[in-house]
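S.K.: Sequence and predicted model, in that order:
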Amino acid sequence: MASTRILAVNVGSSSLRVDLWNVPGPAPVTVLRADRIGAPRATVADGGREEETPGFPDHAAALDALLGRLGPAELDCAGHRVVHGGPRHREPAWVTDEVLADLDALAELVPLHVPPALRVIRHLARARPGLRQAVVFDTGFHATLPARAAEYAVPAAWRAAGVRRYGFHGLACADAVAQLGSELRGRAVLLHLGAGCSATALRDGRSVDTTMGLTPLEGLAMATRSGDLDPAIPLYLQRRERWPAERVEHALNHECGLLGLSGVSGDMKTLLDRAGEPAVRLAIEVFCYRAAKAVGAFAAALGGCEQVVFTGGVGEHAAPIRAEIISHLAFLGAHLDERANAANAPVISGPQSRVAVHVVRIDEGRQIALATARLHRARQA
């Protein structure tokens, strides 16, 4: 089978990653990343090399810089991670004017991710005219949610307007499931912990419940996002402080979570270095408690829990956070091997643990590339 050359594009709120894949190759040929987009100085990673550069005003400028480093590579097509597909888009799809119009209508639900992703798609169309582009949706993995998990207790008119639980981090979940393969247990909870955080209940590798909802704001405490809170709180702030909806939305996305609790930072590494400070310690405790509580809830939903899987930047690298979360789950029979945990080993549960605990280093780019290659081959068939 001839290989398919895919450009996998992953847009973050202030970052952009571009991977060149030869599918079905096991790893990307080239990995390029720009961070701190919008800041006066940016960081560009090219393979194992990282350098500081003058800042990029937006994602389009960052894309131009990364494409310049990529050079005149021949590409079959490009695939983009898009966080939200809404009710109409669960499966990967080719970019069309109709698809873009649908996604424009969803942009306000995920203001940190969907608008920059759409700008990158449109800019790439201008930079590489004729290059076919696909979109791969984070929400697609959670299309298997049963109605009892997906539906909110709201009127039928709201539900008809698309108000329901969609779930996110789907590409990360899919990659973890694929990597675990036969090691994946029948009843597992995946904790994706990074700047954004979610828990997903997996039954035989399929999503049956998840903590994020209509938007990625619901669920666990995150770096700067509040996660779950009383829905009356935004209304209270609007009445008491006379805040417009936009001010409340910005605060919930950018001023809450670890940053809001600690008053220091939303970055877990920074907080662990200052864990002796009371406010910082509280932020860490809330973060871990909320994650462990989600595992307990999903154990009830699954009728048991045989496996906990950690992914994401915090989940993959922060051993003290994993240890604190698992310490809350001793009632399930979960215990860590301290040495394996300190080494970020793939399996960190101790021999006496009734719950297998794994650390999986996910690659969303791989799932983007594989899904786009399938679209490309189906079109050629």
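M.R.: Noted; the coordinates are in hand. Model, not experiment: these values are computed from the prediction.
S.K.: In contact with the residue most central in space within the chain, which residues?
M.R.: Taking C-alpha atoms, centre = their mean as the criterion, H169 is the residue nearest the geometric centre of the chain, at 3.6 Å. Taking C-beta atoms under 8 Å, 6 or more residues apart in numbering as the contact definition, H169 lies against D138, H192, G196, S198, T200, M212, G312. C-beta here means a position set from N, CA and C on the backbone, and glycine is covered the same way.
S.K.: Just the buried ones from these?
M.R.: Neighbour counting by 16 or more other C-beta atoms under 10 Å classes D138, H192, G196, S198, T200, M212, G312 among those as buried.
S.K.: Nearest to R122, out of those: which one, please.
M.R.: Checking those against R122 by C-beta to C-beta gives D138 as the nearest, at 19.7 Å.
S.K.: Name the nearest residue to the closest one, ignoring sequence neighbours.
M.R.: Leaving out its chain neighbours, the residue that sits closest to D138 by C-beta to C-beta, 6 or more residues apart in numbering is G170, at 4.2 Å.
S.K.: do W158 as well
M.R.: If the residues on either side of it in the chain are set aside, W158 comes closest to Y152, at 7.6 Å by C-beta to C-beta, 6+ apart.
S.K.: Please report the number of neighbouring residues for P155.
M.R.: For P155, the number of neighbouring residues by other C-beta atoms under 10 Å comes to 10.
S.K.: same check, this time on P234
M.R.: The local packing count at P234 equals 18, with neighbours defined by other C-beta under 10 Å.
S.K.: and A93, what does it touch?
M.R.: Taking C-beta under 8 Å, 6+ apart as the test, what A93 contacts is V99, A134, V135, L375.
S.K.: Shouldn't the last one be within a helix?
M.R.: Okay, so that is L375. Yes. Assignment of L375 by DSSP: H, G, I helix; E, B strand; the rest coil places it within a helix.
S.K.: remind me, longest helix of this structure?
M.R.: Here the longest helix in the chain is taken by residue count, with DSSP state H as the criterion, and it is helix 278-302.
S.K.: Show me what that one is packed against.
M.R.: With contacts defined as 3 or more C-beta pairs under 8 Å, 6 or more residues apart in numbering; DSSP states H and E, the secondary structure elements packing on helix 278-302 are strand 187-193, strand 197-203, strand 206-210, helix 257-262, helix 268-273, helix 319-327.
S.K.: so where's the chain uncertain?
M.R.: 1, 381 (pLDDT under 70).
S.K.: Pop the domain breakdown of it in here.
M.R.: Using automatic domain parsing, the domain ranges for the chain come out as 4-143, 182-359.
S.K.: Any chance of those in TSV with distance to R164 as columns?
M.R.: Formatted as TSV, the entries for the domains of the chain read as follows, by distance: least, C-beta to C-beta, whole Å:
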stretch	distance to R164
domain 4-143	8
domain 182-359	7
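S.K.: Go through those domains and name the closest to G365.
M.R.: Of all the domains of the chain, the one in closest proximity to G365, counting by C-beta to C-beta, is domain 4-143 (4.1 Å).
S.K.: how far does that closest one sit from the chain's center?
M.R.: Relative to its parent chain, domain 4-143 has a centroid offset of 14 Å by C-alpha atoms, centre = their mean, to the nearest Å.
S.K.: Just the terminal-to-terminal distance for it.
M.R.: The distance separating the two terminal residues of domain 4-143, taken as C-alpha to C-alpha, to the nearest Å, comes to 27 Å.
S.K.: so where do the strands sit in the stretch 1-150 of the chain?
M.R.: Taking DSSP state E, counting those that start in this stretch as the criterion, the stretch 1-150 of the chain contains strands spanning 4-11, 15-23, 30-35, 41-46, 49-54, 77-82, 93-94, 133-137.
S.K.: for the second one, packing partners?
M.R.: Contact here means 3+ C-beta pairs under 8 Å, 6+ apart; on that basis strand 15-23 packs against strand 4-11, strand 30-35, helix 59-70, helix 364-380.
S.K.: count of residues packed around the spatially closest residue to W21 that is not a sequence neighbour?
M.R.: Distances taken as C-beta to C-beta, 6+ apart place A369 nearest to W21, at 3.9 Å, with adjacent residues excluded. Other residues near A369 number 28, with proximity taken as other C-beta under 10 Å.
S.K.: Quick check: the gap between A369 and T200.
M.R.: When C-beta to C-beta, to the nearest Å is the yardstick, A369 and T200 sit 22 Å from each other.
S.K.: quick one: furthest residue from the center of the chain?
M.R.: Outermost residue of the chain (C-alpha atoms, centre = their mean): R240, 33.6 Å.
S.K.: List the contacts of the residue nearest to E255 when sequence neighbours are not counted.
M.R.: Excluding its sequence neighbours, the residue lying closest to E255 (C-beta to C-beta, 6+ apart) is T224, at 6.6 Å. Residues counted as contacts of T224 (C-beta under 8 Å, 6+ apart) are A195, N253, H254, E255, C256, G257, L258, L259, G260, G266.
S.K.: Now with 6 Å, please.
M.R.: By C-beta atoms under 6 Å, 6 or more residues apart in numbering, the residues touching T224 are H254, G257, L259, G266.
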